[in-house]
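In: With the sequence up front, the predicted model follows.
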Protein chains: 2
Amino acid sequence: MSAIGVIATLRVQPGKEGEFEGVFAELAAAVNTNEAGNSYYRLFQTGETGVYKVLECYDDQAALDAHRASDHFRSIGARLGPCLAGAPEIETLSAA
Amino acid sequence: MSAIGVIATLRVQPGKEGEFEGVFAELAAAVNTNEAGNSYYRLFQTGETGVYKVLECYDDQAALDAHRASDHFRSIGARLGPCLAGAPEIETLSAA
């Protein structure tokens, strides 16, 4: 078992930042409540307007798979989609 | 008070990865022990050989300043320097 980190970069449409942050807060709460295999999940703003990065950590690949397959990720993620200006960029890392 | 995230990208010289990881583990332990204002500090390997990213989070700017000014950061950081292939790249983020 080896922990997996994720840096997800999300570009939000101008004017949608508030809606995005509100819906994302619901997602983060659901992750914290429901995912025992997630140890970190936090949204940050970058220095570029409308560009956010989510820093994430999972205990192992199974925990990351469970995150992506979860009802909360799918349902809340579907509400985030219309706020985005493009597909998320996902960088996967392995714990050193 | 607003939390601050950091993504630090570190390029390690070929063959120095083991030494780097060992010294970094000392630094992470010292951060966890001594920095009440740090809430996350974890080293990850990227998909590129010798390139690491540290994901970090501090309660506020004062906590980040205290990290950088700490004896452990300065003394252990000085031992990491000879392992690196260049200056670290630091991206600072603000909690959303």
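Out: Perfect, thanks for sending it. Numbering: from 1, shown residues only, chains lettered A, B, ... in the order given.
In: Can you give me the pLDDT of A:E91?
Out: According to the prediction, A:E91 has pLDDT 98.
In: how about the strands of chain A, start to end?
Out: Here chain A has its strands, by DSSP state E, at A:4-11, A:38-45, A:51-58, A:89-95.
In: Ranking these by mean neighbour count, which comes first?
Out: strand A:51-58 (a mean of 22; mean count of other CB atoms under 10 Å in any protein chain shown). Every residue, glycine included, has its C-beta placed from N, CA and C.
In: Point out the other helices and strands that that one packs with.
Out: Secondary-structure packing of strand A:51-58 (3 or more CB pairs under 8 Å, 6 or more residues apart in numbering or on different chains; DSSP states H and E): strand A:4-11, strand A:38-45, helix A:61-69, strand B:4-11, strand B:51-58.
In: So in that sheet, which strands flank that strand, and in what orientation?
Out: According to DSSP bridges, strand A:51-58 forms sheet pairs with strand A:4-11 (antiparallel), strand A:38-45 (antiparallel).
In: want to try JSON lines for the ones you listed, with mean pLDDT as columns?
Out: Putting these into JSON lines (pLDDT from 0 to 100) gives the following:
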{"stretch": "strand A:4-11", "mean pLDDT": "98"}
{"stretch": "strand A:38-45", "mean pLDDT": "98"}
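In: Figure out which of those is closest to B:T9.
Out: Closest approach to B:T9 among the strands paired with strand A:51-58 (CB to CB): strand A:4-11, 10.6 Å.
In: can you give me the angle that closest one makes with helix A:61-69?
Out: Angle, strand A:4-11 to helix A:61-69, by axes from the mean of the first three to the mean of the last three CA atoms, to 10 degrees: 30 degrees.
In: what's in contact with strand A:4-11?
Out: Residues from elsewhere that reach strand A:4-11 (CB atoms under 8 Å, 6 or more residues apart in numbering or on different chains): A:20, A:46, A:50-58, A:60-61, A:63-64, A:80, A:84-86, A:88-95, B:7, B:42, B:44, B:53, B:55.
In: can you rerun that using 6 Å?
Out: A:51-54, A:56-58, A:64, A:85-86, A:88-93, B:44 (CB atoms under 6 Å, 6 or more residues apart in numbering or on different chains).
In: With adjacent residues omitted, what lies nearest to A:L43?
Out: B:A96 (4.3 Å; CB to CB, 6 or more residues apart in numbering or on different chains).
In: Quick check: pLDDT value at the residue nearest to A:G77 when sequence neighbours are not counted.
Out: Nearest residue to A:G77 in three dimensions, chain neighbours excluded: A:L27, at 7.0 Å (CB to CB, 6+ apart). A:L27 carries a pLDDT value of 98.
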